[in-house]
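A.B. asks: one predicted model, sequence on top.
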Amino acid sequence: MFENIGEMILLFWRTLLALPLVWRQRQKIFDQFFEIGNASLLMVCLLSFFIGAVLALQTGPVLVERSLSSAVGGIVGYAVAKEMAPVMMAILIAGRIGSAMAAEIGSMRVYQEIDALRTMNINPIHYLVLPRLVALAAALPMLVVFAILVGWFGGAVVADVNHQIGIPFQAFYSDLREIVKLKDVANGVFKSFCFAIIIGVVSCHQGLVTIGGPRGIGRSVTKAVVNSIVCIVFFDYLLTRILLK
Amino acid sequence: MNSEPNNQNNHSGVGLEVRGLRKSFNSQEVLKGVDFTVKPGEIFVIMGPSGSGKSVLLKHLIGLEAPDAGEILINGEPIEAEQTLGKYRLAMVFQSGALLNSLTVGENVGLYLSEHQLKPQEEIDKIVEQKLRDVGLAEAVDKTPSELSGGMKKRAAIARALVIEPQLILYDEPTSELDPLSAVVIGEEILKLKKRIGVTSLVVSHDRDLAFGIADRIAFISEGRIVTIAPPDELKRSQDPVIKKFLQADLQHETPSKNL
């Protein structure tokens, strides 16, 4: 385990050192970026709408019953922006994109494509890891901004429509705006940036250390997703603690 | 391996020397002290049964594995020194071809030039077309590797190696999984390259026909050691029981026909 952590830190460091090559790899970064956005946007919208909706549904009736209806917008807005959107979207991306990255790099490793790159003096970190990591680090925060907006909308719709809550659309948003500040959104987006790096490093590392045939690739994909999720939840606590004021 | 090749016009083959190479994996010794020298421009075939350490040896020669002991010298310079791999152009044709599946055949062949930004794109396209024509695959430029047959993949891999304008080409089982006709074509390609650009070729194979057809010298490797190094004719006359058994292995001799 410690060996893996060490290797991942090293991989991240080497990718950082390769950052000056971003412009040269722009086409690959754009392709990955498009892939991530294209594959996930609809799912992100669907997921975050219902996250906002269920938060409103869970908290709304209880708070309204105790005459705290003005708190619903704030609670939903705060929870979505700072916690639910970044974490849930990161888990979604770990499952959708992290797994694909581990599978692709893993099969390249198993079928000697990475060895072939090395023999051509092409560094696999520059060619494979850098574009994926940069694209992910740019795409996930953007998806989270989307997720936050759609999540709020989901909460507002439920608060308005559900007869046990009955908070009008406008009131929900003005309550939300009173509690949630721009720095709370920035906080969530920053977290998602960190999660994107975690997903990229864990998944690319798993791909690069794949051994064996198809079974090895399968094992790498599972490990990439599970390890990413564990790391996301762990770092979520850590980041929340650090960012807490 | 980060420095970029600086001498694109130097075509002559390089010499290769391997001294006392040893390698173990999990306490199992795969290479038990391998020594040999390949002269510039020579076709040197390493032959031996499966599991004798051929592929591991090849990985050492291109710098994909580091030896436990011993050294590999290219024109007298150690391979692990960073400037050596930058100075001399080495290419390897993998057993499976190892073409990148996400790219077309043409992109695969031009990958070295496009990634290192050595030439403008139009020029790369021209070189790719030329190299593919050299190996008889001009029509496959826009196909993906999955659309190619085994032999075509290997020829595309040779074209990809040629783009590097190598001074040493390593071939890992170039004729495995090929029909006899395609195997002959590959053998001819290797010979043609030697004549045309004087490249040094090191071929790892257990294909007896290929080895005797193209080799200047053959090294026979068994259980991690070089048993003998000899020109093909001499090897055929070898009285060593391991070599004799390998060279004379035939289905009829091994199948007890009485039991059928």
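C.D. replies: Perfect, I can see it now.

A.B. asks: only C-alpha atoms for contact and neighbour calcs from this point on.
C.D. replies: Fine.

A.B. asks: residues near B:Glu123, how many?
C.D. replies: Residues lying near B:Glu123 (other CA atoms under 10 Å in any protein chain shown) number 12.

A.B. asks: same check, this time on A:Ser70
C.D. replies: A:Ser70 is flanked by 18 other residues according to other CA under 10 Å.

A.B. asks: any idea whether B:Leu21 is helix, strand or coil?
C.D. replies: Three states are possible here, and by DSSP: H, G, I helix; E, B strand; the rest coil the one that applies to B:Leu21 is strand.

A.B. asks: tell me the contacts of it?
C.D. replies: B:31-35, B:67-72 (CA atoms under 8 Å, 6 or more residues apart in numbering or on different chains).

A.B. asks: change it to 6 Å
C.D. replies: B:33-34, B:69-70 (CA atoms under 6 Å, 6 or more residues apart in numbering or on different chains).

A.B. asks: what about the helix or strand containing A:Lys223, distance to the chain center?
C.D. replies: Per DSSP states H and E: A:Lys223 is located in helix A:214-243. From the chain centre to the centre of helix A:214-243 is a distance of 11 Å (CA atoms, centre = their mean, to the nearest Å).

A.B. asks: report the buried residues of it.
C.D. replies: For helix A:214-243, burial by neighbour count (16 or more other CA atoms under 10 Å in any protein chain shown) applies to A:216-229, A:232-233, A:235-236.

A.B. asks: okay, now the domains of chain B?
C.D. replies: Taking automatic domain parsing as the reference, chain B has its domains at B:13-89+B:168-240, B:100-165.

A.B. asks: beta partners for the nearest residue to B:His206 once chain neighbours are set aside?
C.D. replies: The spatially closest residue to B:His206, leaving aside those adjacent along the chain, is B:Met47, at 5.2 Å (CA to CA, 6 or more residues apart in numbering or on different chains). Under the criterion DSSP bridges, B:Met47 forms beta bridges with B:Ser205, B:Phe220.

A.B. asks: coming back round to it: now the contacts of B:Leu21 in TSV, with secondary structure?
C.D. replies: Output for the contacts of B:Leu21, formatted as TSV (three-state DSSP):
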residue	secondary structure
B:Gly33	strand
B:Val34	strand
B:Ala69	strand
B:Gly70	strand
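
A.B. asks: reformat these as a markdown table; add neighbour count.
C.D. replies: Output for those, formatted as a markdown table (neighbours: other CA atoms under 10 Å in any protein chain shown):
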| residue | neighbour count |
| --- | --- |
| B:Gly33 | 17 |
| B:Val34 | 19 |
| B:Ala69 | 14 |
| B:Gly70 | 15 |
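
A.B. asks: for B:Lys59, see how far away the residue nearest to B:Gly51 when sequence neighbours are not counted is.
C.D. replies: Nearest residue to B:Gly51, sequence neighbours excluded (CA to CA, 6+ apart): B:Glu223, at 7.4 Å. From B:Glu223 across to B:Lys59, the span is 17 Å (CA to CA, to the nearest Å).

A.B. asks: where's A:Ala224 relative to chain B, distance?
C.D. replies: 21 Å (CA to the nearest CA, to the nearest Å).

A.B. asks: contacting residues for that residue?
C.D. replies: A:202-203, A:206.

A.B. asks: and the pLDDT for the closest residue to chain B within chain A?
C.D. replies: As assessed by CA to the nearest CA, chain B sits closest to A:Glu113 within chain A, at 4.9 Å. With respect to pLDDT, A:Glu113 scores 91.

A.B. asks: what about the residue nearest to it when sequence neighbours are not counted, which SS state?
C.D. replies: Leaving aside its chain neighbours, A:Glu113 sits nearest to B:Ala98 (4.9 Å; criterion: CA to CA, 6+ apart). Classification of B:Ala98 by three-state DSSP places it in coil.

A.B. asks: do the same with A:Ile125
C.D. replies: Quick answer, by three-state DSSP: A:Ile125 is helix.

A.B. asks: state the distance from it to B:Gly51.
C.D. replies: With distances taken as CA to CA, A:Ile125 is found 31 Å from B:Gly51.

A.B. asks: now do A:Ser67
C.D. replies: Per CA to CA, A:Ser67 is found 78 Å from B:Gly51.

A.B. asks: and the two? Which one has more around it.
C.D. replies: Between A:Ser67 and B:Gly51, B:Gly51 has the larger neighbour count (other CA under 10 Å), namely 13 against 10.

A.B. asks: show the backbone phi and psi for the more buried one.
C.D. replies: phi 80, psi 10 (degrees, to the nearest 10).

A.B. asks: distance check, it against chain A.
C.D. replies: Relative to chain A, and taking CA to the nearest CA, B:Gly51 is found at 17 Å.

A.B. asks: residues near residue 64, how many?
C.D. replies: The chain I'm using is chain A. Neighbour tally, A:Val64, other CA under 10 Å: 17.

A.B. asks: chain B was what I was after
C.D. replies: B:Leu64 has 15 nearby residues by other CA under 10 Å.

A.B. asks: same check, this time on the one 10 residues further on
C.D. replies: Neighbour count for B:Ile74, taken as other CA under 10 Å: 22.

A.B. asks: pretty sure it contacts B:Leu16?
C.D. replies: Yes: the criterion here is CA atoms under 6 Å, and B:Ile74 meets it with B:Leu16 at 4.7 Å.

A.B. asks: what's the model's confidence in the strand or helix carrying B:Ala161, averaged?
C.D. replies: Here B:Ala161, judged by DSSP H and E, is contained in helix B:150-163. Per-region confidence: helix B:150-163 scores 86 on mean pLDDT.

A.B. asks: near chain A, anything from that helix?
C.D. replies: No: taking CA under 6 Å from any CA of the partner chain as the criterion, helix B:150-163 and chain A are apart, separated by no less than 8.4 Å.

A.B. asks: and the helix or strand that comes right after that helix, average pLDDT?
C.D. replies: Using DSSP H and E, the helix or strand that follows helix B:150-163 towards the C-terminus is strand B:168-172. For strand B:168-172, mean pLDDT is 89.

A.B. asks: residues in contact with strand B:168-172?
C.D. replies: The contact list for strand B:168-172 (CA under 6 Å, 6+ apart) reads B:90-95, B:199-204.

A.B. asks: will you turn these into CSV that also has secondary structure?
C.D. replies: Output for these, formatted as CSV (three-state DSSP):
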residue, secondary structure
B:Leu90, strand
B:Ala91, strand
B:Met92, strand
B:Val93, strand
B:Phe94, coil
B:Gln95, coil
B:Val199, coil
B:Thr200, strand
B:Ser201, strand
B:Leu202, strand
B:Val203, strand
B:Val204, strand
